[in-house]
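Visitor: here's a sequence, model it:
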Amino acid sequence: MFYIANVSPRSTGKTTNSAWMGHALHERGRRVIGYDADDSRQFSRWQAAGAYPFVVQQAATAAFHMNVPQMVPAGFEDGVGVVDVGHLEDHQAVGASVLRLADLAIVNLPPSMNDVERMEELPLREFIENVAPLRLDSKAPVTWVLLCKAPNGVSEIKQVREYLEDEGYNVFTTVIPAVVKYMRTHEGSEILAKGSVFDELVTEMEERALLP
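Guide: Down below sits the predicted model:
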C-alpha cells in the first residue's frame, strides 16, 4: 500500500481534497482506501452517506503506523491509501504517526502569507523531518505543497509559490480553486473527478513519478 498523507497546520479543506483525490485515483483504475485520521470523522461520514466507490476507515490514532498496515485487505497491497489527517497544530501525535508510514506528504495550504506564517510557526518542516529517525528508511517522506482554496485572480498565489520554492519546498503546479463545485462537498455529495482539477492533480503526480 502506498500512503498519501494530506496534512496542514490548521483546517484547510483537507477532507474535501482527500475525497476528490480518492475519487480521481479510483477513476484512474487504482485500488483506493481512505483513512480518516481526524477526530471529527468527517471523511468517514461523507463516505457513509455518499456511496463512495472506496471504503474509508476510521484511524484517528497515534498508533496509525502500527495498526493500519494490519488492516489492509488482501489484494490491496498495490493500492493507494489517502489519509485525511487532523490539523497538526492540535493533533500532533496522530500526525506524526501517519507521517511515519506515509510515502507522500501533501501539505494543503491556502495561498496566503498568513497561512504560510502558521506553517512556519508550527514549524512544519521540522515536524516532518523529526519523524525521519522513526521511519524504516530513516528519511522524511517526500513532501509537496498543494495550494488550495485559492480565489481567482489573486496575485498572492504567485507570491506564495515563489516564497515556498525559495525556501526549498516542492509546490504542485496544479492549484485547487475556491469554487462552489468543491466548497460545497459534504455528506451525500456525488463526486465525479474526471475532468476536474483533481484529475489534473493526479496527472501531475503521475508525470512527476510521485505515484507507484
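Visitor: give the next helix or strand downstream of the lengthiest helix in the chain.
Guide: Taking residue count as the measure and DSSP state H as the definition, the longest helix of the chain comes out as helix 14-27. On the C-terminal side of helix 14-27, the closest following helix or strand by DSSP states H and E is strand 32-37.
Visitor: okay, and A140 sits in which element?
Guide: Using DSSP H and E, A140 sits in no helix or strand.
Visitor: got the end-to-end distance for stretch 31-44?
Guide: Its first and final residues considered, stretch 31-44 spans 17 Å by Cα to Cα, to the nearest Å.
Visitor: that's a helix at S40, yeah?
Guide: No. According to DSSP: H, G, I helix; E, B strand; the rest coil, the state of S40 is coil, so it is not within a helix.
Visitor: that one touches V85, doesn't it?
Guide: No. The pair formed by S40 and V85 falls short of the contact definition of Cβ atoms under 8 Å, at 11.3 Å. Bear in mind the C-beta positions are built from the backbone N, C-alpha and C, glycine included.
Visitor: neighbour count winner among the two?
Guide: The neighbour count for S40 versus V85, taken as other Cβ atoms under 10 Å, is higher for V85 (29 against 15).
Visitor: so the more buried one touches G95, yeah?
Guide: Yes. With contact defined as Cβ under 8 Å, V85 reaches G95; the gap is 5.3 Å.
Visitor: give me the residues contacting the longest helix of the chain.
Guide: 4, 6-8, 32, 34, 38, 40, 42-43, 46-47, 52-54, 56, 80, 82-85, 87, 106, 108, 146, 148, 176, 182-183, 185, 189, 191-194, 196, 198-199, 201-202 (Cβ atoms under 8 Å, 6 or more residues apart in numbering).
Visitor: from the chain's centroid, how far away is stretch 188-195?
Guide: 17 Å (Cα atoms, centre = their mean, to the nearest Å).
Visitor: how long is that stretch from one end to the other?
Guide: Separation of the first and last residues of stretch 188-195 by Cα to Cα is 20 Å.
Visitor: which stretches of the chain have low pLDDT?
Guide: Judged by pLDDT under 70, the chain has its weakly predicted residues at 153-154.
Visitor: excluding its backbone neighbours, what's nearest S97?
Guide: Spatial nearest neighbour of S97, chain neighbours left out: F64 (4.0 Å); criterion: Cβ to Cβ, 6 or more residues apart in numbering.
Visitor: so how far is V85 from that neighbour?
Guide: According to Cβ to Cβ, to the nearest Å, F64 and V85 sit 9 Å apart.
Visitor: quick one: common contacting residues for the two?
Guide: In contact with both F64 and V85: A37, V94, V98, using Cβ under 8 Å, 6+ apart.
Visitor: burial of E77, as a residue count?
Guide: Burial of E77 is recorded as 11 neighbouring residues (other Cβ under 10 Å).
Visitor: now do M1 against R41, distance only.
Guide: Counting by Cβ to Cβ, the gap from M1 to R41 is 21 Å.
Visitor: wait, T174
Guide: Going from T174 to R41 by Cβ to Cβ gives 28 Å.
Visitor: coming back round to it: now the common contact residues for V85 and G95.
Guide: Taking Cβ under 8 Å, 6+ apart as the contact criterion, the residues that touch both V85 and G95 are V7, A37.
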